[in-house]
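Let me see the structure of the following:
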Amino acid sequence: MAGIESPTLDSNAFLTAIGEGKTSKRYRKNQTIFAQGDRADAVFYIQSGKVKLTVVSSSGKEAILAILGDGDFLGEECLASRTVRLSSAVPMTETMLTRVEKPRMLRLLQDDPAFSGLFVSYVLSRTIRIEEHLVDQLFNSSEKRLARMLLLLSNFGKEGKPEPVVAKISQATLAKMIGTTRSRVNFFMNKFRSLGFIDYDSDASGGFEVHSSLLNIILHD
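This next block holds a predicted model:
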């Protein structure tokens, strides 16, 4: 379920190596970082916080592509000659980002073999996670898809101790992420809570805690 972990990037070393050609900015919750159709001319590095990537179809239907957190990159498609953004990026919490101009990022990848190797590994691991998500959508039930998403959001399987979801994520958002209805998400969230797999207060403003026992849903045929 966990797949391949993203490689660990030394944040301080990376930010120091960039030197000129970068700017850091703190974004408020729901403040647009970039929008679908905007010019793609920079890569962003998440120092802290959570960012939601979404795409809207020509008919107006929105889909959530990913939720990224500390140490993740976004907007790296500009390095592959993409001139416009294919998705929108919006913070789910207060978020600190470093913006690296495309020419500087390309120069860093060329001049620093160690960072280049780490960045390529990161991009490959992201591609693998996207493939896993596609397989999950095609072959698993909505219950298993929700369980997997909750485990991913709580950083289960990554280095360090899993932690509660910092940002409160609505059931409507979870439904968009796994391709089902809000009512189904509500049903399974209540089921997971009654089984002791998760802890949350539906009236609270905070997040919820995911226990490793939720893996039972993933592993059960």
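
Just the endpoints, please. Distance across stretch 45-58?
Terminal residues of stretch 45-58 are spaced 29 Å apart (Cα to Cα, to the nearest Å).

residues in contact with it?
The contact list for stretch 45-58, computed with Cβ atoms under 8 Å, 6 or more residues apart in numbering, reads 11, 14-15, 24, 27, 33, 36, 62-74, 86-98, 100, 166-167, 173. Using the backbone N, CA and C atoms, a C-beta is placed for each residue, glycine as well.

And stretch 173-183, by the same measure?
Outside stretch 173-183, the residues within contact range by Cβ under 8 Å, 6+ apart are 52, 62-64, 67, 137, 142, 145-146, 149, 171-172, 184-185, 189.

And stretch 25-42, how far out from the chain middle?
Relative to the centre of its chain, stretch 25-42 is centred 15 Å away, using Cα atoms, centre = their mean, to the nearest Å.

thinking again about what came up before, give me the subset of the contacts of stretch 45-58 that lies in helices.
Ser11, Phe14, Leu15, Thr173 (DSSP state H).

Which among those residues count as buried?
Neighbour-count burial (16 or more other Cβ atoms under 10 Å) is assigned, among the ones in helices among the contacts of stretch 45-58, to Phe14, Thr173.

Out of the ones in helices among the contacts of stretch 45-58, the closest to Leu124 would be?
When the ones in helices among the contacts of stretch 45-58 are ranked by distance to Leu124 (Cβ to Cβ), Phe14 comes first, at 17.8 Å.
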